[in-house]
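Colleague: Here's my sequence, what's the structure:
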Amino acid sequence: MRGPDVPAKALDARALAALAANPGCARRAILDGAGVDKARLASALGAPSGFGQSQFALTRGNAFEAKVKADGGAELLRLAHARLDPGAEPPEGAAVPDLTAHGPEGRTARTSLALREATQAGGWTLLDHPMLALDVAGSLAFLEPDAVVVHPDGSWSVVEIKSFPMLDGSADPAKVGAAARQAAVYVLALEDVAARLDPAPVVRHRILLVCPKDFSNLPAARAVDVRKQRAVTARQLTRLTRIEEIAETLPEGTCFAPDRGAEELTAAVAAVPATYAPECLSACELAFHCRECSREEGAVTRLGRPLRAELGGLTTVEDVLAAARGEQGDPDDPAVAALRRATALRAEALASAQALADTASADAAHREVAPCP
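Modeller: Numbering: from 1, shown residues only. The predicted structure follows:
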């Protein structure tokens, strides 16, 4: 589906978190499941995406991560001890196993073995860029967290290293929330690994978020509880339609290769239903294309999910305006009744404003013709 000789784009935790936030979007599900590069596809469709990090931000983030993990991750483990497990023994002489292996499957197996060995050995262990696997709607996704820490009691914790600053001990709530949703995906993948061990180790639901302190390059950390994000992500991923079921509904020969013509690609993309919402602009490379399609269709989802939920069966802007004017819709429908009430109030307000404007105009005209005393 992604085209011959086109390498698959890996499905990472950020993409999974975005997919879980919009489980009704079959378009994103099939494209991610097939490993399609949505950024290249968006450019081929004539709607290039502005989504993603700049090269400067990536370079800065990599430099900061290298600083945090220097000296065998001594500073990172010190922060994990202070923020997550202060009652444990200090992380001196922690193990940092080699996780290199051939291919993602090999790295996943090597990570599982390292986690098992670290759990049995006790003490502190730092896994630098382990590889985890998670089944998503019938498609296997390989995930690579920044780090995983194994505590002396055998429990596991996810570490997220970000380049946005932590000012006076707090960071941008929106960015912290995005990091928590991403970490929740790693927690789910770790739980799958833990479930295969006997006894199953505890996967902690408090992750370690490491950021630059204030405006320096020094690391600061805080514990973030991701229980809510984990529960929501697990529920949404379970609701995803299996990739095979979506693929069976597509026309024979559907292909999303970026070297195809724009007309052919547009038809291929249109064959998969999408569920666009304004939140897609910050989470999906195809958001601009889907927004334009949503505008052409007059769909109310482009105005936001809360509004769409309030309007019930009124799915297009044309239907909403017709219901508000009394041209269609069931008067007993709460959404239709609210729209007609709002229309009446608007007409009343406009009439009052027009009356005030007419009065003011008449008074001004009277003052112009009145004789001077």
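Colleague: show me where pLDDT drops low in the chain?
Modeller: Scanning the chain for pLDDT under 70 picks out 50-54, 241, 368-373.
Colleague: Which neighbouring elements make contact with the helix of greatest length in it?
Modeller: Using DSSP state H, we find that the single longest helix of the chain is helix 334-369. Helix 334-369 sits against helix 305-311, helix 317-324, with contacts defined as 3 or more CB pairs under 8 Å, 6 or more residues apart in numbering; DSSP states H and E. Glycine gets a C-beta too; all of them are placed from N, C-alpha and C.
Colleague: hmm, try it at 7 Å
Modeller: When contacts are defined as 3 or more CB pairs under 7 Å, 6 or more residues apart in numbering; DSSP states H and E, helix 334-369 sits against helix 317-324.
Colleague: in the helix it packs on, what counts as buried?
Modeller: In terms of neighbour count (16 or more other CB atoms under 10 Å), helix 317-324 has its buried residues at 317, 319-320, 322-324.
Colleague: go on, stretch 209-220?
Modeller: Buried residues in stretch 209-220, counted by 16+ other CB under 10 Å: 209-213, 219-220.
Colleague: For Phe64, which non-adjacent residue is closest in space?
Modeller: Leaving out its chain neighbours, the residue that sits closest to Phe64 by CB to CB, 6 or more residues apart in numbering is Ser163, at 5.2 Å.
Colleague: hmm, back to that, gap between the longest helix of the chain and the chain center?
Modeller: The gap between where helix 334-369 is centred and where its chain is centred comes out at 45 Å by CA atoms, centre = their mean, to the nearest Å.
Colleague: Please point out which parts of that helix sit buried.
Modeller: Applying a neighbour-count criterion of 16+ other CB under 10 Å, one finds 335-336, 339-340 buried in helix 334-369.
Colleague: now the strands for the stretch 51-200 of the chain?
Modeller: Under the criterion DSSP state E, counting those that start in this stretch, the stretch 51-200 of the chain contains strands at 125-128, 132-136, 139-143, 147-150, 156-161.
Colleague: does the residue nearest to Lys67 when sequence neighbours are not counted sit in a helix, a strand or a coil?
Modeller: Nearest in space to Lys67, with sequence neighbours left out and distances taken as CB to CB, 6+ apart, is Asn217 at 6.3 Å. Here Asn217 takes the coil state, with states given by DSSP: H, G, I helix; E, B strand; the rest coil.
Colleague: Ala66 is in contact with Asn217, correct?
Modeller: No. Applying CB atoms under 7 Å, one finds Asn217 not in contact with Ala66, separated by 10.7 Å.
Colleague: what ranges do the strands span in the stretch 201-350 of the chain?
Modeller: Counting by DSSP E, counting those that start in this stretch, the strands of the stretch 201-350 of the chain are 206-212, 219-225.
Colleague: Dump those into TSV; add distance to Pro97 as well.
Modeller: Conversion of those to TSV gives the following (distance: least, CB to CB, whole Å):
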stretch	distance to Pro97
strand 206-212	19
strand 219-225	22
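Colleague: Quick check: which of those is nearest to Gly138?
Modeller: The stretch from those with the least distance to Gly138 (CB to CB) is strand 206-212; that distance is 27.4 Å.
Colleague: tilt between the closest one and strand 156-161?
Modeller: Orientation check (axes from the mean of the first three to the mean of the last three CA atoms, to 10 degrees): strand 206-212 against strand 156-161 gives 20 degrees.
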